[in-house]
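Asker: Here is a sequence with its predicted model. Questions after.
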Amino acid sequence: MMNYWLLKTEPSSFSFTDLVKARVTGWSGVRNYQARNILRDGMKRGDRALIYHSSAEPTAVMGEAEVVREGYPDPTQFDPDDDHYDPDSPPDAPRWFQVDVCALRALPHPVTLERIKRAPKLKDMLLIRRGMRLSVQPVTSAQYEEIVKLGKSPP
DNA sequence: GCCAACGTTGGC
DNA sequence: GCCAACGTTGGC
């Protein structure tokens, strides 16, 4: 049973292009408990994820990725030189987790937030729920397929 | 456990 | 840069 997700990233720090270049990447730096629970318990090998650019021009789903390693402790929480260092995370019971993802393919036409808001089939996406800021969130298979379909044609 | 103050996210 | 809508922290 495959699950579907959406991962937000700010392209100024890590873009979908960076993911393509890196091939396999640890999705590190998530510091929200709800998102942590999804990374630790929800995401399974083979699951698919939409990669979304936030705080970008335009804000849009850029491409697809696959989960290639399930949740394990995010090493950046123990690195004092890292922006996401968490001195309160116990090494024997790490607080923050990450998965590894691999880029699958770019959408030929990135699906902008504006377009998502206009698509009737996408009206229930968590992404466009008011105040919904989760950086790791579930999507339904129908929502996932609709985004991929929209991404094949210009707006 | 309540809740005010504070910090963060993220669209605009 | 603004600010709404959160989430977190910490005094009580």
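Answerer: Good, I have the coordinates. Residues are numbered from 1 along each chain as shown, chains lettered A, B, ... in the order given.
Asker: residue ranges of the strands in chain A, please?
Answerer: A:4-9, A:24-26, A:48-53, A:60-73, A:97-112, A:136-139 (DSSP state E).
Asker: Quick check: which helices or strands does the fifth one pack against?
Answerer: Helices and strands in packing contact with strand A:97-112 are listed as helix A:16-22, strand A:24-26, strand A:48-53, strand A:60-73, helix A:141-150; criterion 3 or more Cβ pairs under 8 Å, 6 or more residues apart in numbering; DSSP states H and E. C-beta coordinates here come from the backbone N, C-alpha and C atoms, glycine included.
Asker: Would you mind finding the most buried of the strands of chain A?
Answerer: Comparing the strands of chain A by mean neighbour count (mean count of other Cβ atoms under 10 Å), strand A:48-53 ranks first with a mean of 24.
Asker: Name every sheet partner of that strand and say whether each one runs parallel or antiparallel.
Answerer: When sheet partners are counted by DSSP bridges, strand A:48-53 sits next to strand A:4-9 (parallel), strand A:60-73 (antiparallel).
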